[in-house]
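Asks: need a 3D model of the sequence below.
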Amino acid sequence: MESKKVIVFGSAGFLGSYVAQALTADGHHVRLFDVKQSHNILEGQEMIVGDITEQAAVAEAVKGCSVVYNFAGIADIGEANENPVKTCEINVLGCVNILEAAHIHDVKRFVFASSVYVYSESGAFYRASKQAAERFIEVYGEQFDIPYTILRYGSLYGRGADMRNGVYRMLKGAMTDGVIKYSGDGKALREYIHVADAAKLSVEILNPKYVNQHIVLTGQEKMRISDMVHMIQELLPGQKIEVEYKGDVSGPHYSVTPYAFTPRLGKKLVAPLYTDIGQGLLDCIHEIDEQRLAAENDDELVNIRYD
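Replies: Alright, predicted model coming up:
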């Protein structure tokens, strides 16, 4: 594939950082943009610290780029419900600022990180923000001939996640407190995809055949939350792990399927080779254990200084 000048908004985030690395690995020239400094800046990448709600800064950042990835935004449903105005400002108006910059600078592809929640009546303000952003992208495409690809992700997991990620919360709770807490009854179905696999597919869609397409990236690992919990228990033998299902079963999350409200239909894209979820979870467990050991070493150094 021909090398392109690409900007990734939200490049310091969980998914955005993986996509930026995958783009560089594929030979593209990558510009990073986020409200905070990226920790893993690769050779050849350039970093801009900025805010997508500032239109002038966004327009300046897009200058010279032929491809735009918008992975910036509030991605946690709970956070979105607590801050609906902020969610609209970042997820919708921020996206429009990037779209306008893409229009001004004649960008050849606009790639957007959406969610399978756009199909659902669940997801509350987060879902609404993604639906609105998708529609703005489609209309900008129609009115200004901006080629786009909308990516609707399933449940991501992998190294580099934090407490906003469902799998990370379960693993962290199991390893730190011996308790996995989940709001619901455990019967909900999820389709898990390793973030590295999702990132590779997010680069593959630069192929012209994915222009003006809505692509579903949910992987091939479908299981109930209760099965995920049992898998974590088996991956941590010898450790007693309690499970607490609590709260509203329905809540803001879907239970069996996200498919209720139907926007533009999406085509599912899967990789021929993908990370087995058991292997992926083990890698996450190793990361959390490494973090624990590093924290313990830091504490020992502090104690030595003050002894």
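Asks: I figured A22 hits K200, correct?
Replies: Yes - counting by Cβ atoms under 8 Å, K200 is a contact partner of A22 at 5.5 Å. C-beta coordinates here come from the backbone N, C-alpha and C atoms, glycine included.
Asks: give me the element the residue nearest the centre of the chain is part of.
Replies: Central residue of the chain (Cα atoms, centre = their mean): L15, 4.1 Å from the mean position. If you go by DSSP states H and E, L15 is part of helix 14-25.
Asks: what's the angle between the helix or strand following that helix and helix 14-25?
Replies: Once helix 14-25 ends, the next helix or strand along the chain (criterion: DSSP H and E) is strand 29-34. For strand 29-34 against helix 14-25, the angle by axes from the mean of the first three to the mean of the last three Cα atoms, to 10 degrees is 160 degrees.
Asks: for E221, report the pLDDT, please.
Replies: For E221, the model assigns a pLDDT of 82.
Asks: that one touches I277, doesn't it?
Replies: Yes - between E221 and I277 there is a contact under Cβ under 8 Å: 4.4 Å.
Asks: please enumerate the shared neighbours of these two.
Replies: Y192 (Cβ atoms under 8 Å, 6 or more residues apart in numbering).
Asks: distance of A61 from L201?
Replies: Distance of A61 to L201, given as Cβ to Cβ, to the nearest Å: 25 Å.
Asks: F125 too?
Replies: 27 Å.
Asks: before we move on, what about I77?
Replies: Distance, I77 to L201, by Cβ to Cβ: 23 Å.
Asks: try V58
Replies: In terms of Cβ to Cβ, V58 sits 26 Å off from L201.
Asks: related to what we said a few turns ago, what is the distance between the helix holding L15 and the centre of its chain?
Replies: In terms of Cα atoms, centre = their mean, to the nearest Å, the gap separating the centre of helix 14-25 from the centre of its chain is 11 Å.
Asks: what comes into contact with it?
Replies: 6, 8-11, 30, 32, 34, 38-40, 42, 44-45, 69, 71-72, 75, 113, 153, 156, 158, 160-162, 165, 195-196, 198-200, 202-203.
Asks: select only the buried ones of these in PyMOL?
Replies: Buried residues within those, by 16 or more other Cβ atoms under 10 Å, are selected in PyMOL with:
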select buried, resi 6+8+9+10+11+30+32+34+38+45+69+71+72+75+113+153+156+158+160+161+165+195+196+198+199+200+202+203
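Asks: for the top helix by length along the chain, which positions count as buried?
Replies: The helix that spans the most residues within the chain, counting by DSSP state H, is helix 277-306. Buried positions in helix 277-306, judged by neighbour count with 16+ other Cβ under 10 Å: I277, G280, L281, C284, I285, E287, I288.
Asks: and the first one, what pLDDT?
Replies: This means I277. I277 is given a pLDDT of 93.
Asks: tell me how far it lies from N91.
Replies: Applying Cβ to Cβ, the value for I277 to N91 is 28 Å.
Asks: now the fifth one
Replies: Plainly put, I285 is 32 Å away from N91 if you go by Cβ to Cβ.
Asks: so what's the residue count around Y274?
Replies: 18 (other Cβ atoms under 10 Å).
Asks: also G184?
Replies: G184 has 17 neighbouring residues, counting by other Cβ under 10 Å.
Asks: G50: what's it in contact with?
Replies: F33, D34, V35, A57, V58, A61.
Asks: ok, so of those, who is nearest V139?
Replies: Distance to V139, by Cβ to Cβ, is smallest for V58 among those, at 18.5 Å.
Asks: which of the three states applies to the closest one?
Replies: Classification of V58 by DSSP: H, G, I helix; E, B strand; the rest coil places it in helix.
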